[in-house]
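Enquirer: Quick one, structure for this:
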Amino acid sequence: MEIETTSTPVFRYAAVTFDCPDPAELARFYGDALGLPAAYSSDHFVLLAQENAAGLGFNRQENYRRPTWPDPTQGKQAHIELGVDDLDTAQTHLVGRGATVPHQQPDPDRWRVLLDPAGHPFCISTLV
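Expert: Residues are numbered from 1 along each chain as shown. Below you'll find the predicted structure:
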């Protein structure tokens, strides 16, 4: 009796990609926030990444519909957590670069929910 052996492929986390109406605009926002350079850029896609590290991608989506969080009508689609040293300073910095602050804040003393320029909710937290 022959025993088949197959090797399991090795996977590594490469990137998370967000749909958006303007990849360059969203890449500028996150590139500034995280200090990440553009590793690849075209009219339809931008990838932010350091060499040999996971990154963030932004893909142009025609007829893009902004998330409506906390209203579930148009789900949040994706959610990223950013670790920060100081919530107030980080929030002020990100709002100055295009983020907005929704009224609903589940636990503002521990983390803050913000919306990026394309409407994706993301959190800043001192817990990460």
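Enquirer: So in the protein, where's the weakest helix or strand by average pLDDT?
Expert: In the chain, no helix or strand scores lower on mean pLDDT, DSSP states H and E than strand 80-83, which sits at a mean of 87.
Enquirer: Next secondary structure after it?
Expert: For strand 80-83, the following helix or strand on the C-terminal side (DSSP states H and E) is helix 87-95.
Enquirer: Give me the nearest residue to the residue nearest the centre of the chain, chain neighbours excluded.
Expert: Centroid-nearest residue in the chain, with CA atoms, centre = their mean: Ile80, separated by 4.8 Å. Closest residue in space to Ile80, ignoring its immediate chain neighbours: Phe122 at 4.5 Å, by CB to CB, 6 or more residues apart in numbering. Heads up, the C-betas are built off the backbone N, CA and C, glycines and all.
Enquirer: now Val84
Expert: Spatial nearest neighbour of Val84, excluding adjacent residues (CB to CB, 6+ apart): Ala90 at 3.8 Å.
Enquirer: any idea how far the one you found is from Phe18?
Expert: Per CB to CB, to the nearest Å, Ala90 is found 20 Å from Phe18.
Enquirer: which residues touch the lengthiest helix in the chain?
Expert: Longest helix of the chain, by residue count under DSSP state H: helix 23-34. Helix 23-34 has contacts (CB atoms under 8 Å, 6 or more residues apart in numbering) with 18, 20, 36-38, 41, 44-46, 48, 56, 58-60, 82, 93-94, 97-99, 116-118.
Enquirer: All set now, cheers.
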